[in-house]
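Student: Generate coordinates for the sequence data below:
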Amino acid sequence: MLRDSCKRYASNIAMMASAGKEGYVEITYADLYQKVHRYAGVVKSFGLQKGDRLVILSENCVEWALVDWASQTLGIVVVPIYPTLPADQASYIVKDCGAKIVVAGDDTQRKKVADLEGVQTILLKGTDDSIATKVESNIHPLEKDDWEAHIDQVQQDDIATIIYTSGTTGLPKGAMLAHRGFLMLFHSIVENIPLDEKDRFLCFLPMSHVFERTDGQYLPISFGGSIAYAKNLMTLGKDMENCQPTVMLVVPRFLESTMDKILDGQKKQPPIRQKLFAWALSEGTKRFHGKFAPFFWLTDMLVGKKVRARIGGRLRFFVAGGAALPAHVAEFFGAFRLKILQGYGLTETYSGVCVNHPDRNRYETVGEPIPGVELKIAEDGEILFRGAARMVGYYNLPEETKQAIDDEGWFHTGDIGEFDGKHLKITDRKKDLLVLGNGKNVAPQPIENKLRSSHFIQEAVVLGDGMDYCIALIVPNMEAVKAELGPKEPNDPDVKALIKKEIDRINKTVANFEMVKKHAILDKPFTIESGELTPTLKVKRKVVKERYADVIASLH
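Tutor: I've put the predicted structure just below:
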């Protein structure tokens, strides 16, 4: 696919690499093919054979992608690791997959795995003996015919990558993904979603995650699109304005954070501008819901156009995955004609296998299954998946693979859902269902989403197994609280009163048995480093329950 695209779109821009203050360096498809060829020479010099594992442990950058592509052309299995993972978890994955080489983004990442026996660590860039420097020096040339022969030897059923699941329960498992599944997905997505070579993606989600890797790295290359690499999260606002993306892959938290920044910025504006913004939001929301909005043309010209300019002014749509999209976030962006297409997929399904179509977008759903995949709802409500874009299995875990994939080839996702026409709705996680002492089953996720929709609540965990009612652990959004109340500590009486008021408001929107009757405010946020969050920012409920056992006991 890479070879075909590089020939077909030779003069098109494939990548835009950050070049410090000078902006971006453009890499054409013809350039990309040459670069991958040279990177393949260096990767081959490590003594790796087809089927060997190579780990990439680095922050996002173009070099990350070039090592990945070079390895793919040689039939080497790439194992990405989140750069945010602590040393013990990173070392576990390196040992579990049997990697011989770790490509580290910098010295901080290298130190995480430096003590592993039999594992060679090589820096990606920045030093004399780094991969990027060796490529520039061309000290490991690989004959073109030899390299092309390697490409020809890679078969569709060969494993392309092993991506380790985040592990909200227990140790992470390595999902083996073959070339065939990726190719099927690309073909199906391009056939069904309007994407073409004029599209530009902005890469800022972790490349180690299946969503960014499949849909932000491989997919655009399959149809001749371009990928601009954000310098870092701090510069993302400027990167959006400079790169002018047409498509952005996002997680709902990014959209919520962007929305909060826009709203907080409005509070500092003169009263007349605040009123104009509120009017634009009101008119846009009415239009978004198909209601009469006679002044939308005016408010969109005065306000909406400026909001869109902050994202580069060319965005056709966001594609959101990784967590549920809150309705108020979809409405906010929709009010300014910024479309969010929610999708659904897992590491084990090569990323998204459901996505909303721009012309049939229903933001309260995760869209329609893409052609070529089979989805069905089991008797207990679990979503089952079958098709070419289903993992081969978990690496070295035959029993866990049997539990996940049944005899008929259906992968059991662990998610509970239902079809509304052709659109799929995710209602909960199978293992997360709470059974109250009175026998009532409660799905905590929808309640948590409602709590998180409050401007003042950053994170919420709803519990209640075996109890008479639901309880919640609340992490307040202290920035929003500060803007409302001034500098305060999380357990200040005014903060408690503010959070209680929000919970009382949300309790009016749920069934009586789903109401949060008691709650506790936590004095520090959940983090990846402390082990309460996965690298994709999902809460590890088991860890939270163990860590805050005393707090939970006090709410019984």
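Student: Show me how this structure divides into domains.
Tutor: 2-154+193-250, 433-554 (automatic domain parsing).
Student: Kindly check the end-to-end length of the shortest one for me.
Tutor: This stretch, domain 433-554, spans 22 Å end to end (C-alpha to C-alpha, to the nearest Å).
Student: Could you pull out the strands in the stretch 301-450 of the chain for me?
Tutor: 317-320, 340-346, 351-355, 368-369, 373-377, 382-387, 393-394, 411-420, 423-429, 434-435, 441-442 (DSSP state E, counting those that start in this stretch).
Student: looking at these, which is closest to Glu59?
Tutor: Closest approach to Glu59 among these is made by strand 351-355 (20.4 Å; C-beta to C-beta). In short, each C-beta sits where N, CA and C put it, glycine included.
Student: What strands line up against that closest one, and which way round?
Tutor: Here strand 351-355 is paired, per DSSP bridges, with strand 340-346 (antiparallel), strand 368-369 (antiparallel).
Student: Where does pLDDT dip in the stretch 101-250 of the chain?
Tutor: Per-residue confidence for the stretch 101-250 of the chain (pLDDT under 70) gives these ranges: 166-170.
Student: let me redo that: the stretch 301-450 of the chain
Tutor: For the stretch 301-450 of the chain, no range has pLDDT under 70.
Student: run the last query once more with 90
Tutor: Where the stretch 301-450 of the chain drops to pLDDT under 90, the residues are 322-326, 352, 372, 380, 416, 427-446, 449.
Student: Quick check: the gap between Gly321 and Met515.
Tutor: Distance, Gly321 to Met515, by C-beta to C-beta, to the nearest Å: 30 Å.
Student: picking up where we left off before, reformat the strands of the stretch 301-450 of the chain into JSON lines and put mean neighbour count and distance to Ile474 next to each item.
Tutor: Below are the strands of the stretch 301-450 of the chain laid out as JSON lines (neighbours: other C-beta atoms under 10 Å; distance: least, C-beta to C-beta, whole Å):
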{"stretch": "strand 317-320", "mean neighbour count": "23", "distance to Ile474": "24"}
{"stretch": "strand 340-346", "mean neighbour count": "24", "distance to Ile474": "25"}
{"stretch": "strand 351-355", "mean neighbour count": "27", "distance to Ile474": "31"}
{"stretch": "strand 368-369", "mean neighbour count": "20", "distance to Ile474": "35"}
{"stretch": "strand 373-377", "mean neighbour count": "16", "distance to Ile474": "33"}
{"stretch": "strand 382-387", "mean neighbour count": "21", "distance to Ile474": "29"}
{"stretch": "strand 393-394", "mean neighbour count": "21", "distance to Ile474": "35"}
{"stretch": "strand 411-420", "mean neighbour count": "18", "distance to Ile474": "24"}
{"stretch": "strand 423-429", "mean neighbour count": "18", "distance to Ile474": "20"}
{"stretch": "strand 434-435", "mean neighbour count": "16", "distance to Ile474": "17"}
{"stretch": "strand 441-442", "mean neighbour count": "16", "distance to Ile474": "17"}
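Student: got TSV for those, with distance to Gly181 too?
Tutor: Formatted as TSV, the strands of the stretch 301-450 of the chain follow (distance: least, C-beta to C-beta, whole Å):
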stretch	distance to Gly181
strand 317-320	19
strand 340-346	11
strand 351-355	10
strand 368-369	15
strand 373-377	10
strand 382-387	8
strand 393-394	12
strand 411-420	12
strand 423-429	19
strand 434-435	34
strand 441-442	34
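Student: and Met259, which of these is closest to it?
Tutor: strand 340-346 (11.0 Å).
Student: Specify the angle between the closest one and strand 423-429 in degrees.
Tutor: 60 degrees (axes from the mean of the first three to the mean of the last three C-alpha atoms, to 10 degrees).
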